[in-house]
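Asks: prediction below, plus the sequence it came from.
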Amino acid sequence: MTIEQIVLRELGMRLKAPFETSFGVTQDRRILLVEAVVDGMSGWGEVTTVESPSYNSETTETAWHIISDFIAPRLVGRDLKGASEVAPLLAAIRGHQMAKAGVENALWDAEAQIKGLPLGKLLGGTLNEIVCGVSLGIRENPQALVRKVEEELRSGYQRIKLKIKPGKDLDFVAVVRKEFPHIRLSVDANSAYSLKDAEHLKKLDDFDLLMIEQPLQWDDIHSHAKLQARLNTAICLDECIHNATHALTAIELGACRIINIKLGRVGGHSSARQVHDACYAHSLPVWCGGMLESGVGRAHNIPVSTSPGLGYSVKRDLVDRISVRTRNWKADMVTRA
Ligand code: MG
């Protein structure tokens, strides 16, 4: 397959409602979409960065720079056997997993279309149905959160995840659990706590949670191992895991009992599959979480969620309005040293 062209577009999207996590409130999104034209076929991917370096070190602007100046010039004009050859070609670019994933995933989409296969099948997926959950932002009070949970359960979501932060945690979870004693309930702290908060976090054991996601620092697997030893509830690692080596480190240290595979954070479908396989080999459950993506990013989460080690995915319908900027590379516009 010959990569004829890569087009990068930035969309401005306003969410229907503000989304609050422990690192701030988001309403206006800057989304980067990648179109890869391969053998006359367009494949699509999304760069799942947020606007500030708060979730990881990437931003919309760093991804635009890295794709423009390093990734697209390396790939346009190449003749590849398949999208699985992309990650080794980008290995010399350190980090920037979300920028790489946006491009690699567009090429996976193109390959699936060229081969006439659903992307899930091309990636080795085996599940025909996936269960969807929803992640709920921090609310002003527990009653408002209960009303939102009620609404999402009515919409059919089978798993509810609550964002928490210090001061908006135990009381909120207690009220939701009391109101809905039998739902599959999780919390996500996005690194808002430290190991000094272990006794406080242990109180979450009372609420029969499926998992406590990423309570401690985004790059600290070691402290999560110490915390997991003190909690009955499973810790799920999100921000800490960028590749299969991180997953194996976390498993061997006992730092978590679940891993959230996010396509952008791990660098695309090839790396996501390696993280999945590492966890599957150790019988560690995984699931595929979303960022605040557009439908293009969401569409890529579905094939990941058909992998044998997954039982559920996250999906949301949040977009209100859209605007655009574009950059375009063609094979004849690229100079290679
Ligand atoms: Mg998370």
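Replies: Nice, thanks for sending it over.
Asks: near the ion, which residues of the protein?
Replies: Within the chain, the positions near the ion by Cβ under 5 Å from the ion are 188, 213, 238. Yep, even glycine has a C-beta here, placed from its N, CA and C like the rest.
Asks: mind redoing it with 6 Å?
Replies: Counting by Cβ under 6 Å from the ion, the chain comes close to the ion at 188, 190, 213-214, 238, 260, 289.
Asks: lowest-confidence one in these?
Replies: Among the residues of the chain next to the ion, Gly289 has the lowest pLDDT, at 92.
Asks: what sits closest to that residue if chain neighbours are left out?
Replies: Using Cβ to Cβ, 6 or more residues apart in numbering and skipping the chain neighbours, the partner closest in space to Gly289 is Asn260 (4.5 Å).
Asks: assumed the one you found was part of a strand.
Replies: Yes: according to DSSP: H, G, I helix; E, B strand; the rest coil, the state of Asn260 is that of a strand.
Asks: contacts only, for it.
Replies: Contacts for Asn260 (Cβ atoms under 8 Å, 6 or more residues apart in numbering) come out as 213-214, 236-238, 241, 286-289.
Asks: cool, and Glu239?
Replies: 55-56, 190-191, 214, 218-219, 265.
Asks: any of these buried? List them.
Replies: For these, a burial check counting by 16 or more other Cβ atoms under 10 Å picks out 55-56, 190-191, 214, 218, 265.
Asks: relative to Asn301, how far out is the residue in the stretch 101-250 of the chain that the ion sits nearest to?
Replies: Nearest to the ion in the stretch 101-250 of the chain, going by Cβ to the ion, is Asp238, at a distance of 3.6 Å. Asp238 sits 14 Å away from Asn301, going by Cβ to Cβ, to the nearest Å.
Asks: more neighbours: these two, which one.
Replies: Higher neighbour count among Asp238 and Asn301: Asn301, with 24 against 21, using other Cβ atoms under 10 Å.
Asks: could you verify my assumption that the more buried one touches Ser294?
Replies: No: Asn301 is beyond contact range of Ser294, at 11.8 Å (criterion: Cβ atoms under 8 Å).
Asks: which residues are in contact with each of the two?
Replies: Counting by Cβ under 8 Å, 6+ apart, Asn301 and Ser294 have no common neighbour.
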